[in-house]
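Participant: Need the 3D shape of this:
(one chain, ligands or ions: 1)
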Amino acid sequence: MAQLLDDAGHSRTENPDKAHVLIVNTCGFIGPARDESLQTLRELAAGKRSGQQLIAAGCLSQRYGTQLIREVPGLDGILGTRRWMDIVHLGQRLNRRKNTKPIYHLPNYPTVGRDEHGAQRVAIQGGSAYLKIADGCRRPCAFCAIPLIKGTHVSRAPELIVAEALRLQSSGVRELVLISQDTTDYGHDLGMKNGLVQLLEKLVAAAPDIPWIRIMYAYPGYVTDELIETMARHSQILPYLDMPLQHGHRQTLKRMKRPANIEWVHRTIQKLRTTIPGIAIRSTFIVGYPGETEAEFQTLMEFVNALKFDRLGAFEFSFETGTASEPLADPIPQLVKSERRRRLMELQERISLQKSLEFVGQTLDVIIEGTGDGLSVGRSYRDAPEIDGTVIVDNELDVGEITPVRITGAMAHDLTGSPV
Ligand code: SF4
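Facilitator: Presented below is the predicted three-dimensional model:
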């Protein structure tokens, strides 16, 4: 949306007071995200000055659009996930509007996908850009509302993805972050076998001046030997893999309708670590899923302790209507959920600190994202933008550049260092 608005000649401001149009890209995935989105919308609606327009875009709008109109007086426009590419058109319609009735169009059919060209001019921040390779999801995870919001998985055509990567390369992008709900499912709907591997080969060949390509959201069971070998073969593909596992107990995973082959996870992580030395593996877990006993949770703790993930996120189960787990309700008390999350994160904190300390004295390439007060903040290959840690460098460096940094200090999630 930002790129389309740039293309149409709009300029951006981070300051709501200066904006003519306020756009909130909402999240409707889980309860806390919905609450945050609603609160932001209400605050902006309450502070709106005359002539300002407020648009709610994103997942919450797609799923609860008409409800939003009731809950947020002052909302001018709603745009769902299926027609986000209408953002410029919606702005034009709002400008022509003769009354204050909100404008919205929320079709349920998937329209994002295969033929999506991406913007002609690209917007990058700090040298890094997300590259969407598919949208939607066809997995059956019982807790997840995303297939209800996004629809089934639709891959973008490889040539359009490569064309977008080339535009990003000529704009000076240094890091491509490949995203979709499930990157390892890329291409199955286009009849491709090992589609992600094929796409990576094309990207590496077409965009040799983008030194970092990062893979997010791999689905357990679909990290193939070919994928691991492709990652190992190309230095452009970062030794980093995000593979949300959600739990470490077979029965919990079965109730979640997730892959429950724990041996596969152990084998694959072992293979990743031997074939790609130094690889950073990130995962996420849900605690307090319906029926999770203390013994099941203990198994999860042992699983995390044994596999020693480099990065880990933990979420408390959030009950979502319309999902397959709805009949299981939400029986685990909130206090128990919070307590389990705290215990899991404390365990990970110790693991993360140990891992971070191993980097002291080493030199890591760091992509610089911001500077000020004699310092720079960046990320190494171990840190995906916005979700992992940072590297704090004791000098002001060029934003968007990748610079070697000698690591001098370590905290659980962040490192400190000096430019070499
Ligand atoms: S793979 Fe991810 S997006 Fe798809 S249903 Fe499962 S949790 Fe949801």
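
Participant: mind listing the strands for the stretch 101-250 of the chain?
Facilitator: Along the stretch 101-250 of the chain, the stretches classed as strands by DSSP state E, counting those that start in this stretch are 103-105, 128-132, 134-135, 154-155, 175-179, 212-215, 237-242.

Participant: Indicate which one of these is closest to the ligand.
Facilitator: Closest approach to the ligand among the strands of the stretch 101-250 of the chain (Cβ to the nearest ligand atom): strand 134-135, 10.6 Å. (Glycine included, C-beta is placed from N, CA and C.)

Participant: Show me which positions of stretch 128-139 end up buried.
Facilitator: S128, A129, Y130, L131, K132, I133, A134, D135, G136, C137, R139 (16 or more other Cβ atoms under 10 Å).

Participant: how many other residues sit next to H105?
Facilitator: 15 (other Cβ atoms under 10 Å).

Participant: What is the nearest of the buried residues of stretch 128-139 to D398?
Facilitator: The closest of the buried residues of stretch 128-139 to D398 turns out to be S128 (Cβ to Cβ; 14.0 Å).

Participant: who's in contact with that closest one?
Facilitator: S128 is in contact with V173, R174, E175, L176, V177, W212, I367, E369, P385, counting by Cβ atoms under 8 Å, 6 or more residues apart in numbering.

Participant: For the residue of the stretch 201-350 of the chain found nearest the ligand, report the pLDDT, please.
Facilitator: Nearest to the ligand, among the residues of the stretch 201-350 of the chain, is Y219, at 5.6 Å (Cβ to the nearest ligand atom). Note on Y219: pLDDT of 97.

Participant: so what's it up against?
Facilitator: Contact analysis of Y219 by Cβ under 8 Å, 6+ apart lists R139, D182, T184, D185, M243, P244, P259.

Participant: From P140, how far out is it?
Facilitator: Distance, Y219 to P140, by Cβ to Cβ, to the nearest Å: 11 Å.

Participant: Equivalent analysis for Q53, please.
Facilitator: Applying Cβ to Cβ to Q53 and P140 gives a distance of 39 Å.

Participant: if you count what's nearby, which of those two comes out ahead?
Facilitator: Comparing Q53 with P140 by other Cβ under 10 Å, the one with more neighbours is Q53, at 20 against 11.

Participant: Which residues are in contact with K308?
Facilitator: I351, K355.

Participant: try 6 Å this time
Facilitator: I351 (Cβ atoms under 6 Å, 6 or more residues apart in numbering).

Participant: And I55, by the same measure?
Facilitator: I23, G77.

Participant: That one bridge partners, please.
Facilitator: Going by DSSP bridges, I55 is paired in beta bridges with I23, G77.

Participant: Serialize the buried residues of stretch 128-139 to CSV and add fields for pLDDT and distance to A163.
Facilitator: Below are those laid out as CSV (pLDDT from 0 to 100; distance: Cβ to Cβ, whole Å):
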residue, pLDDT, distance to A163
S128, 93, 19
A129, 90, 14
Y130, 90, 16
L131, 92, 11
K132, 91, 13
I133, 94, 13
A134, 93, 16
D135, 90, 17
G136, 91, 21
C137, 94, 24
R139, 97, 28
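
Participant: Out of these, the closest to R255 would be?
Facilitator: Of those, the one sitting nearest to R255 (Cβ to Cβ) turns out to be R139, at 15.1 Å.

Participant: Check the gap between that closest one and the ligand for me.
Facilitator: Separation of R139 from the ligand (Cβ to the nearest ligand atom, to the nearest Å): 4 Å.

Participant: mind checking the end-to-end distance for stretch 235-249?
Facilitator: Start-to-end span of stretch 235-249 (Cα to Cα, to the nearest Å) is 35 Å.

Participant: Remind me which helix or strand I281 belongs to.
Facilitator: strand 280-287 (DSSP states H and E).

Participant: Now do that strand: distance to the chain's middle.
Facilitator: Distance, stretch centre to chain centre, for strand 280-287: 13 Å (Cα atoms, centre = their mean, to the nearest Å).

Participant: cool, stretch 183-197 as well?
Facilitator: Taking mean C-alpha positions (Cα atoms, centre = their mean), stretch 183-197 and its chain are 19 Å apart.

Participant: Show residues contacting that stretch.
Facilitator: 133-134, 153, 155, 198-199, 215, 217-219, 222, 226-227, 230.

Participant: Is there any residue in that stretch that contacts the ligand?
Facilitator: No - Stretch 183-197 is not in contact with the ligand by Cβ under 6 Å from any ligand atom; minimum separation 8.3 Å.
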